[in-house]
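[1] 3D, please:
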Amino acid sequence: MAPRLFAVLLVALVLAPAGQAAVPAPGNLHPFLLTSGEPVAAGRTYARTPSFAWSKVTGAKSYDFELATGPRFADNAVVWQKSGLTTPLTTIPITLPWMTGSPYSFYARVRARMPSGAASAWTPAYGFRLKSPPAPASLSSGLNPTPGMIRWTPVDGATAYEVTFLYDLGAGLSKKIKTATTAADLREYYTLHNDYFSLASATWRVRAVREVAGTTSNRIPAVSYGPWGAYAVTTDPPISNGQVTPLGAVSRSRASDILSGIPGPGPDPHELVPGFWWDGDTSLDGLGACPAVTLATNVTCPLYHVYVFTDEDCVNRVHVSDLVGSPAYVPRLTEPLKLPADPTKLAEVYDPTPPPSYLMLADGEEGGVFDAGGDELFAAGMDPNLPPTGEEPLPGKKLDRRSGLWDNDWPNGNYYWTVVPAVPLITQDEKVEYHDVGFAEDMCEAGLVGTFGKTSAPAIEKASGVPFVSGMTSSGLVRGAQSAKPSFYGKVVVAWRPAPGAATYTVQWSKTADPFTPAGTVKTASTSTLLNLKDGVWYYRVRGNDKSIPAVKQGMTWSDPQYLRIVPRTFSVARALVG
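    Predicted coordinates for the structure are as follows:
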């Protein structure tokens, strides 16, 4: 019988029976922060948890990935593991502890699994280090350029900062506070004894805080803070006598300052809530000295309130500062000062008898505080009517205070701020209240007002128009995007750079860019996430979430919608001759 030519479709994905042939292990296992294919960090050292990618194994159904603190992957050393990965890449959705190892502190490995159940050998352990970023550096050492306020350099990826004021370290006297910005006022040193800096200086240290997510498999702790910065010693000049005069608002979220002078607002908006500073000790009417009824307590006056408004007439008040004695104010995530509520406590704050003694106030509720019109005041984030966010505090911890400010449509919108003095008052029933001795509206009308813009930075998820997204290409290799409109097979990792002020991030995806109609949402404390999208064209966007915003909605600016195409998986087709 003459040979006949048959066209036969042969699927290239042919599986050998289990045990018939060894399954090859994946190759090229490597970490990355933004895109697969980027240079490995020097010394394989990372400040943030990286993602991982590896080479595809032909015919593999899935992959198993493990991460451990030792190259032998002892059961108690495994910190995270994942099976059933269908694309050769993964994120690590937990915060890993900073660890020192020799030569490495963490080790990753991966293996392939075939549809038959056969598995390859594990890849050789890939070692890397996780090291905290450098500590913040003081911008306020020596004679203070912004009296009443200390400042420091930002740390990439920090979600907040902790400052410890070292009153007398040898005697165990210190106090730690928390702020969302790169500054803190010196209220502890000034309040009710504002001559402190005529005799002494302030010693302090600062460290960055990061948001911690998830738990390692072996329960090894991951701390939420970096190393302490060097000791800093700050000296302030005396507060001038005379009318209170605003001097400026300043913040630093990147390499240089954002400054809003008077009247402002300055060329750029603030990405973090600024610190405010001023000089002077009396209202427009010359008020600010301690009332006669308080003279026996020896305390000094005045104290100050900063008010922030959305209108130039200073009527629509949106932010009330803590009551501070310092000539500067920076919002805090911790509570305001617990002001003395009775004359006896007030008299304990300051004893001017040489050598003078100063009581640095602890934190808590301020007590009875009133504006010049007699209305009771609550410091930003302390109003009992503030709507809840639904977030639950960690065991033994308090939620951070929501003392921030909303974005205000810069450059079309501005905030207006001024400062008024306040004094303690002993009431007839022997209680201590604190009252403003000037009206904010009058200060604004007199031109003693500053303006500034506030915006939130979008999460940067691309460079030169090319997004930070990685996935599998038609060649079977995992690599980062090469164009503004990338295409990949299967799951993808999208990444972004940290946004100043963001504690967490939200990622959404939509089938259309305009209108952007979310088809899915994920929230993460990391700067990358793994997306499992169906085939077709998608658009995704990223934004940070600022937990200091005094509202339920705390989302920051969205990044622009980014194009992404997921290509259907196909099988190779071949022809064969059958005789």
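[2] would you state the helices of this protein in chain order?
    Counting by DSSP state H, the chain has helices at residues 187-190, 343-347, 440-445.
[3] adding distance to T504, mean pLDDT and mean neighbour count, write these out as TSV.
    C-beta: built from backbone N, CA, C; applies to glycine. Listed next are the helices of the chain as TSV, based on distance: least, Cβ to Cβ, whole Å; pLDDT from 0 to 100; neighbours: other Cβ atoms under 10 Å:
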stretch	distance to T504	mean pLDDT	mean neighbour count
helix 187-190	29	98	25
helix 343-347	40	96	16
helix 440-445	34	98	20
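[4] can I get those helices in TSV including distance to V250?
    Output for the helices of the chain, formatted as TSV (distance: least, Cβ to Cβ, whole Å):
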stretch	distance to V250
helix 187-190	17
helix 343-347	33
helix 440-445	20
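[5] quick one: closest of the ones you listed to D322.
    helix 187-190 (7.1 Å; Cβ to Cβ).
[6] what's the neighbour count on E365?
    By other Cβ atoms under 10 Å, 15 other residues sit near E365.
[7] how about T153, what does it touch?
    Neighbour list for T153: P136, A137, L139, T182, R252 [criterion: Cβ atoms under 8 Å, 6 or more residues apart in numbering].
[8] nearest residue to the first one other than its sequence neighbours?
    Take P136 and drop its neighbours on the chain: the residue closest to it by Cβ to Cβ, 6 or more residues apart in numbering is W152, 4.0 Å away.
[9] beta-bridge partners for the one you found, please?
    S138 (DSSP bridges).
[10] about what we covered before: between the helices of the chain, which one is closest to P265.
    helix 440-445 (14.5 Å).
[11] I'd like the distance between the residue lying closest to V466 once chain neighbours are set aside and V537.
    Counting by Cβ to Cβ, 6+ apart, V466 lies nearest to A481, which is 5.3 Å off, once chain neighbours are set aside. When distance is defined by Cβ to Cβ, to the nearest Å, A481 is 14 Å away from V537.
[12] skip the chain neighbours and tell me the closest residue to C444.
    In space, C444 is closest to C314, 3.7 Å off (Cβ to Cβ, 6+ apart).
[13] coming back round to it: A481 and V537 - which one has more neighbours?
    A481 (25 against 14).
[14] contact partners for S174?
    Going by Cβ under 8 Å, 6+ apart, S174 touches T164, F165, L166, Y167, D168.
[15] if it is in a bridge, with which residues?
    Applying DSSP bridges to S174, the residues it is bridged with are L166.
[16] and the strand ranked longest in the chain, how far out from the chain's middle?
    For the chain, the longest strand by residue count, based on DSSP state E, is strand 415-426. Centroid separation for strand 415-426 versus its chain: 30 Å, with Cα atoms, centre = their mean, to the nearest Å.
[17] for it, packing partners?
    strand 245-251, strand 275-279, strand 303-309, helix 343-347, strand 432-436, helix 440-445, strand 450-452 (3 or more Cβ pairs under 8 Å, 6 or more residues apart in numbering; DSSP states H and E).
[18] so which of these is nearest V110?
    Closest to V110 of the helices and strands packed on strand 415-426 is strand 245-251 (Cβ to Cβ; 43.4 Å).
[19] quick one on the thing from earlier: of the helices and strands packed on strand 415-426, which is nearest K511?
    strand 245-251 (38.4 Å).
[20] mind listing what A230 touches?
    A135, A137, S138, R205.
[21] of the helices of the chain, which is nearest N545?
    helix 187-190 (28.1 Å).
[22] how about residues contacting the closest one?
    148, 165, 175, 196-197, 202, 236, 322, 324-327, 329, 337, 358, 360-361.
[23] try it again at 7 Å.
    Helix 187-190 has contacts (Cβ atoms under 7 Å, 6 or more residues apart in numbering) with G148, F165, K175, Y196, F197, A202, V324, G325, S326, L337, M360, L361.
[24] now tabulate those residues in JSON lines and tack on neighbour count.
    Below are the contacts of helix 187-190 laid out as JSON lines (neighbours: other Cβ atoms under 10 Å):
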{"residue": "G148", "neighbour count": "29"}
{"residue": "F165", "neighbour count": "20"}
{"residue": "K175", "neighbour count": "16"}
{"residue": "Y196", "neighbour count": "22"}
{"residue": "F197", "neighbour count": "21"}
{"residue": "A202", "neighbour count": "21"}
{"residue": "V324", "neighbour count": "25"}
{"residue": "G325", "neighbour count": "26"}
{"residue": "S326", "neighbour count": "26"}
{"residue": "L337", "neighbour count": "24"}
{"residue": "M360", "neighbour count": "18"}
{"residue": "L361", "neighbour count": "20"}
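[25] got JSON lines for those residues, with distance to Y304 and pLDDT too?
    Formatted as JSON lines, the contacts of helix 187-190 follow (distance: Cβ to Cβ, whole Å; pLDDT from 0 to 100):
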{"residue": "G148", "distance to Y304": "9", "pLDDT": "98"}
{"residue": "F165", "distance to Y304": "19", "pLDDT": "98"}
{"residue": "K175", "distance to Y304": "20", "pLDDT": "98"}
{"residue": "Y196", "distance to Y304": "15", "pLDDT": "95"}
{"residue": "F197", "distance to Y304": "16", "pLDDT": "96"}
{"residue": "A202", "distance to Y304": "18", "pLDDT": "97"}
{"residue": "V324", "distance to Y304": "6", "pLDDT": "98"}
{"residue": "G325", "distance to Y304": "7", "pLDDT": "98"}
{"residue": "S326", "distance to Y304": "8", "pLDDT": "98"}
{"residue": "L337", "distance to Y304": "12", "pLDDT": "98"}
{"residue": "M360", "distance to Y304": "18", "pLDDT": "96"}
{"residue": "L361", "distance to Y304": "15", "pLDDT": "97"}
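[26] include distance to A77 when you put these into JSON lines, please.
    Listed next are those as JSON lines, based on distance: Cβ to Cβ, whole Å:
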{"residue": "G148", "distance to A77": "50"}
{"residue": "F165", "distance to A77": "40"}
{"residue": "K175", "distance to A77": "39"}
{"residue": "Y196", "distance to A77": "51"}
{"residue": "F197", "distance to A77": "52"}
{"residue": "A202", "distance to A77": "44"}
{"residue": "V324", "distance to A77": "49"}
{"residue": "G325", "distance to A77": "52"}
{"residue": "S326", "distance to A77": "49"}
{"residue": "L337", "distance to A77": "46"}
{"residue": "M360", "distance to A77": "45"}
{"residue": "L361", "distance to A77": "47"}
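[27] show me which of these is closest to T45.
    F165 (32.2 Å).
[28] residue contacts, the closest one?
    Contacts for F165 (Cβ under 7 Å, 6+ apart) come out as S174, K175, E188, A202, W204.
[29] make TSV from these and add distance to A42 to it.
    Converted to TSV, the contacts of F165 look like this (distance: Cβ to Cβ, whole Å):
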residue	distance to A42
S174	36
K175	38
E188	41
A202	37
W204	32
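[30] for those residues, which one is nearest T69?
    S174 (33.1 Å).
[31] coming back round to it: and of the helices and strands packed on strand 415-426, who's closest to I549?
    strand 303-309 (13.8 Å).
[32] what's in contact with that closest one?
    By Cβ under 7 Å, 6+ apart, the residues outside strand 303-309 that reach it are 191, 276, 315-321, 323-325, 329, 405, 415-423, 434, 436, 440.
[33] give me the buried entries from those.
    With neighbours counted by 16 or more other Cβ atoms under 10 Å, the contacts of strand 303-309 contain buried members at 191, 276, 317-321, 323-325, 329, 405, 415-423, 434, 436, 440.
[34] and the gap between the residue nearest to V466 and W496?
    Distance from A481 to W496, by Cβ to Cβ: 13 Å.
[35] which residue is nearest the centroid of this protein?
    For the chain, T159 is the residue whose C-alpha lies nearest the centre (Cα atoms, centre = their mean; 2.1 Å).
[36] E211 is in contact with that residue, correct?
    Yes: between T159 and E211 there is a contact under Cβ atoms under 7 Å: 4.7 Å.
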